[in-house]
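A.B. asks: Pasted the sequence and its predicted model underneath.
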Amino acid sequence: SRYGPKMPLAVDSTAELIRCKVLDSSGRLKSHELILSYGLALVRFVNLITERKQKSVSIPLRQLAREVDIPVWVVDLRHELTHGKLPRLALCRKGCDVVLEWLRKMYWNRQLGNNLCEEDEDEEEEQEEVEANADLDGDAWE
């Protein structure tokens, strides 16, 4: 709230996406209303994040998304939301989760410092080890 109209894009996008998840979990909105809510938040995210990289010559959104490591299918989802038939709610939810994860890695972890990033790497290594061990049969554990 201290920023007023100059709120960082990542903060604004995170707030909108979290708002969608809260509304979704409340059970108060119908499926169509949730799709529209998620859709607006996802469209704004893609537009605002890629807008900064846009030059005087128009660059395709898919190319801009690749440059900032946003999955291309999220850009395709944005295209469907703005120009095509509305997607399924499940796809909007997945898009929201992917974008929130992108924001966590690309913005929030950096705001909190390198310690959190290192912890994430340790958690990923531990998870890989657990998954590898899960593939072993019971005899191997003994």
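C.D. replies: Yep, it's here.

A.B. asks: Now the spatially most central residue of the chain. Nearest residue, chain neighbours left out?
C.D. replies: Nearest to the geometric centre of the chain sits Val99, at 0.6 Å (Cα atoms, centre = their mean). Leaving aside its sequence neighbours, Val99 sits nearest to Phe45 (Cβ to Cβ, 6 or more residues apart in numbering; 5.5 Å). No exception for glycine: its C-beta is placed from N, CA and C like everyone else's.

A.B. asks: shouldn't that neighbour be in contact with Thr14?
C.D. replies: No. Counting by Cβ atoms under 8 Å, Phe45 stays clear of Thr14, with 9.1 Å between them.

A.B. asks: higher neighbour count, these two?
C.D. replies: Neighbours per residue (other Cβ atoms under 10 Å) separate Phe45 from Thr14, with Phe45 holding more: 26 against 19.

A.B. asks: Now the more buried one: phi and psi?
C.D. replies: phi -60, psi -50 (degrees, to the nearest 10).

A.B. asks: That one and Val11: what is the separation?
C.D. replies: 12 Å (Cβ to Cβ, to the nearest Å).

A.B. asks: Ok, Arg62 next?
C.D. replies: 25 Å.

A.B. asks: and if you look at Val22?
C.D. replies: In terms of Cβ to Cβ, Val22 sits 16 Å off from Val11.

A.B. asks: which one of those two has more residues nearby?
C.D. replies: Under the criterion of other Cβ under 10 Å, the comparison of Val22 against Val11 puts Val11 first, with 14 against 9.

A.B. asks: what helix or strand does the more buried one sit in?
C.D. replies: helix 9-26 (DSSP states H and E).
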